[in-house]
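Visitor: Sequence first, then the predicted structure:
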Amino acid sequence: MTQENELPLSGLVVIDMSQFLSGPYCSLRLMDLGARVIKVERPDGGDLSRRLYLNDSEIGNDSTIFHAINRSKESFAVDLKNEDDMRALRQLISKADVLIQNFRPGVIERLGLHYEAVKEINPRLVYASISGYGDEGPWVKRPGQDLLAQSRSGVMWLNGDEEQGPVPFGLAVADMLAGAATAQGILAALVRRGVTGKGGLVETSLLEALVDFQVEVLTTHLNSGRKLPVRSSFRSAHAYLSAPYGVYPAKDGYLAIAMTPIAKLADLLSMPELAPYRDDPSKAFTARDEIKRLIAVKLATGTIDDWLAILEPADIWCAKVLNWQEMLESDGFNALDMLQTVTRDDGVSILTTRSPVRVDGVRPKVERAAPVVGEHNDKIRREFGLE
């Protein structure tokens, strides 16, 4: 097992002043790579995501979402309206390597902890800021919330069938992508600091992360007359790709089929009804829905295993669509060893994911669950000599 002192970010101190998902997801990635993350929270309730429930599950008086995103961090409770607490926080920042914040625009300036102020007390600090829509323009003061960012980014128009209207992602994709982008920026700034000795400012937003997420299709749109794509009206899976690209019902589940020549699929599935479309590649686009409807009728007559036995040996890109239970029970998932149980002194125990990144062939593993509010106040004050 990789020991903590062998991880790339071991020895770095990250002050995480963010809440909800985007910033905490960023610091989670840094923690998994060895950084020490000190989570700054309000004494009266802490991070608001402690009460952000996805269902009725609660563990140790906190939501599962808080546990998932804050495992193995330390909690330092600070009253931002108390000058003694603020003095201690500034002292802590002066000794840190990274600071992450995602306050609404204007809040961090009122606290006197914006980048220009903080770099005066710690010029080596890498300061990361995540907003909803950047720091200019008419949307700056609008709520930087995931669903709203999805709505403004255009990304909803890539999902679902044409008649459905906009279809949001089933998870907080803007928050997670913004957190990942911020982690990348922080790592780059730390590399530069290793050369120059100076810190820097890393900024992104939910909207910027979602625009970047669409680089493939948005670039196509920008360079093809800015004509909006028309999603397939049947079994749509990609706004631009042709038939048979999609997900189809079989007798016992669903089968995904990616890019495949119509002629090859017609032969393998014994479908003479595809003859009008097999020799003209352009028809895979112009007759996309008609082709997919014919394929759907055929696939509905057999089981997933029936079709996989025909398609996979012929190197057709296809897969059974798994739900979470099926995925968790699969040999492919279990070979990755991506689950871990984390615990806390008060008896809290939670099964959660592990880092998606392997270092020197080993996936980092932690044992400590998310903290209670202010759990590490005394320890941090003693260790850093905070007044």
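Guide: Looks like it arrived, so ask away.
Visitor: longest helix anywhere in the chain?
Guide: Looking across the chain with DSSP state H, the single longest helix is helix 173-196.
Visitor: Quick one: mean pLDDT over that helix.
Guide: Helix 173-196 carries an average pLDDT of 98.
Visitor: Now do residue 304: how many residues are near it, please.
Guide: Around residue 304 sit 19 other residues, with neighbours defined as other CB atoms under 10 Å. Yep, even glycine has a C-beta here, placed from its N, CA and C like the rest.
Visitor: wouldn't it be in contact with residue 247 here?
Guide: No. Counting by CB atoms under 8 Å, residue 304 does not reach residue 247; the two are 11.8 Å apart.
Visitor: any shared contact partners between these two?
Guide: Listed as contacting both residue 304 and residue 247 by CB atoms under 8 Å, 6 or more residues apart in numbering are 254, 255.
Visitor: Quick check: residue 133 touching residue 203?
Guide: No. In terms of CB under 8 Å, residue 133 does not count as a neighbour of residue 203; the distance is 11.7 Å.
Visitor: low-confidence ranges in this protein?
Guide: Low-confidence segments of the chain (pLDDT under 70): 1-5.
Visitor: mind redoing it with 50?
Guide: Within the chain, the ranges that satisfy pLDDT under 50 run 1-2, 4.
Visitor: Report back the residue of it that's furthest from centre.
Guide: Centroid-distance maximum for the chain: residue 272 at 43.7 Å, with CA atoms, centre = their mean.
Visitor: check contacts around that one.
Guide: Counting by CB under 8 Å, 6+ apart, residue 272 has contacts residue 266.
Visitor: ok, now how distant is it from residue 290?
Guide: Distance, residue 272 to residue 290, using CB to CB, to the nearest Å: 15 Å.
Visitor: ok, residue 133 and residue 203, which is more surrounded?
Guide: Using other CB under 10 Å as the criterion, residue 133 and residue 203 rank with residue 133 on top: 22 against 15.
Visitor: ok, for the more buried one, nearest residue in space, not its chain neighbours?
Guide: Nearest residue to residue 133, sequence neighbours excluded (CB to CB, 6 or more residues apart in numbering): residue 139, at 4.0 Å.
Visitor: Make sure that neighbour is indeed in a strand.
Guide: No. Counting by DSSP: H, G, I helix; E, B strand; the rest coil, one finds residue 139 to be coil, located in no strand.
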